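1. Predicted coordinates and the sequence they were generated for:
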Amino acid sequence: MTTTPPRIVILGAGFAALTAVRELRKRAPQARLTLVAPKAEFVYLPSLIWIPSGLRNGQDLILPLDRFLEDHDVEFIAGRVSGLKDGGRVVLTDAGEVQNDALIIATGGRFIKKLPGIEHALTLCEGVASAEAIRDRVNAMQSGRIALGFGGNPNEPSAMRGGPMFELLFGLDTLLRRQGKRERIELTFFNAAAEPGKRLGEKAVTGLLAEMARRRIDTHLGHKPLGFSDKGVDTEGGHVNADLILFMPGLTGPAWAPEAGLELSPGGFFKADEFCRVAGADRVFVAGDAGSYPGPDWMPKQAHMADLQARAAAENLLLALDGKAPTARFKIELICIVDTIDKGILVYRDLKRSFLLPPSRLLHWAKRYFEGHYLKVFRR
């Protein structure tokens, strides 16, 4: 008597989703894998910071997944998720219902766009189009001020993405100097925290603020942003004039999360345990920005963390299908090279230590090498 291989569905096409695919295929060659996402393409978000300077073009970072899906024997369904039913055994999409024996949610989070006048700000990590819009606006500027900042989720303070904004800040300073416009274009960094980037560690905060001072970047810190306009940024501490506002809002869970019938965290993410199991659900796991996980308040929302969570989720999902208890826990680790176009600043933190390496050209090239190494599997 033959047993039908389990059908495992992965939602998303980002870091966590594709790492889960690779891990599942390696561990379960006979499993039926199905990937559900709006498009069969992967966007390498960490390199969006290089689009404004022209170091990367948008099309460099959009990778078609046809070959990857074929190599890993994955069925692809082009669809947008709208919810779940039957405890996660059925995924609701605009392309129809998708049945599964086990599920990994890896659709990522979304930005909280509630501040008044948010339409006046550009958000780098929204994708290639946004990064290209920033490039075009900066290239067109001859004088004025650019204000840059990032926010958080008031119900889940760790749900923020500040690293790319430090990179964009320092990268724009380097670019404007190369263009001979830095003396005419001022840069201001604003944040509700008096010590922005504290999740990176005390040494990182000191180092990043020192780098801002060295580059003569103005700061407006410790004042909560209230809204944006075509005149600039309004905060509890006053107004920051700006001709261009670049802002990374805090994160929350996917828009369809409330329709999933699963437990959510206060910040709107799928609530998970240390094994990436969604609370109260059977054979439903989450990896990456869609989930809320136990751990320190500095645990990052970044691609590296998503990869680590996806590996644990895949291993534990297969154990669950075999009726076994989970064993795989993901490592809590923050690794970030804050790039300045020509140099990089390494920030590292785990449960035991944290450190910062000063700017060096080697770290810039290390970041570029890692990009090529990571994308090799998608470019074959």
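-> All right, it came through fine.

2. Could you look up the SS state of the nearest residue to I185 once chain neighbours are set aside?
-> In space, and not counting its chain neighbours, I185 is closest to L176: 5.4 Å by C-beta to C-beta, 6 or more residues apart in numbering. Backbone N, C-alpha and C define where each C-beta goes, glycine included. Of the three states, L176 takes helix under DSSP: H, G, I helix; E, B strand; the rest coil.

3. Tell me how this protein divides into domains.
-> Structurally, the chain divides into domains by automatic domain parsing as follows: 7-109+253-321, 113-251.

4. Deepest in the core, which of those is it.
-> Of these, the one with the most neighbours on average (mean count of other C-beta atoms under 10 Å) is domain 7-109+253-321, at a mean of 20.

5. L84 contacts P254, correct?
-> No - at 11.1 Å, L84 does not count as touching P254 under the criterion of C-beta atoms under 8 Å.

6. what mean pLDDT would you report for stretch 76-89?
-> For stretch 76-89, mean pLDDT is 97.

7. pretty sure L175 contacts W50?
-> No - between L175 and W50 there is no contact under C-beta under 8 Å: 10.2 Å.

8. in this structure, which spans are helices?
-> 15-27, 66-71, 128-140, 163-178, 202-214, 303-321, 361-379 (DSSP state H).

9. Check which helices and strands the fifth one is in contact with.
-> Yep, that's helix 202-214 we're talking about. helix 163-178, strand 344-350, strand 354-360 (3 or more C-beta pairs under 8 Å, 6 or more residues apart in numbering; DSSP states H and E).

10. want to throw these into JSON lines with mean pLDDT?
-> Listed next are these as JSON lines, based on pLDDT from 0 to 100:
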{"stretch": "helix 163-178", "mean pLDDT": "96"}
{"stretch": "strand 344-350", "mean pLDDT": "94"}
{"stretch": "strand 354-360", "mean pLDDT": "92"}
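
11. Ok, which of those comes nearest D136?
-> helix 163-178 (13.1 Å; C-beta to C-beta).

12. ok and the closest one relative to helix 128-140, angle-wise?
-> Helix 163-178 runs at 30 degrees relative to helix 128-140, counting by axes from the mean of the first three to the mean of the last three C-alpha atoms, to 10 degrees.

13. Give me the contacts around helix 163-178.
-> Under the criterion C-beta atoms under 8 Å, 6 or more residues apart in numbering, residues 46, 48-50, 52-53, 124-125, 134, 138, 146, 148-150, 182, 185, 187, 189, 197, 200, 208, 211-212, 215, 217, 246, 248, 300, 302, 336, 338-342, 347 lie in contact with helix 163-178.

14. Stretch 83-102 now?
-> Counting by C-beta under 8 Å, 6+ apart, 6-9, 11, 34, 36, 77-82, 103, 256, 259-262, 278, 281-285, 317, 320-321 sit against stretch 83-102.

15. now do 6 Å
-> 6-9, 77, 79-82, 103, 256, 259-260, 281, 283-284, 317, 321 (C-beta atoms under 6 Å, 6 or more residues apart in numbering).

16. And stretch 129-149, by the same measure?
-> By C-beta under 6 Å, 6+ apart, stretch 129-149 touches 48, 51-52, 58, 122-124, 165, 169, 184-191, 233, 240-247.

17. Now with 8 Å, please.
-> Contacts of stretch 129-149 (C-beta under 8 Å, 6+ apart): 48-49, 51-54, 58, 122-124, 165, 168-169, 172, 175-176, 181, 184-191, 220, 225, 232-233, 240-248.

18. gap between the two ends of it?
-> 19 Å (C-alpha to C-alpha, to the nearest Å).

19. how distant is it from the center of its chain?
-> Centroid separation for stretch 129-149 versus its chain: 21 Å, with C-alpha atoms, centre = their mean, to the nearest Å.

20. Just the mean pLDDT for that stretch, thanks.
-> Here the average pLDDT along stretch 129-149 is 98.

21. go on, stretch 58-71?
-> The model assigns stretch 58-71 a mean pLDDT of 95.

22. how long is it end to end?
-> With C-alpha to C-alpha, one end of stretch 58-71 sits 25 Å from the other.

23. so which of the helices and strands packed on helix 202-214 comes closest to K376?
-> strand 344-350 (20.6 Å).

24. Would you mind listing the buried residues in the closest one?
-> G344, I345, L346, V347, Y348, R349 (16 or more other C-beta atoms under 10 Å).

25. Can you give me the separation between the second one and T206?
-> What that stands for is I345. Relative to T206, I345 is positioned 12 Å away (C-beta to C-beta, to the nearest Å).

26. now swap in G222 and tell me
-> From G222 to T206 the distance is 16 Å (C-beta to C-beta).

27. do the same with L11
-> From L11 to T206 the distance is 40 Å (C-beta to C-beta).

28. Equivalent analysis for R137, please.
-> Taken as C-beta to C-beta, the span from R137 to T206 is 31 Å.
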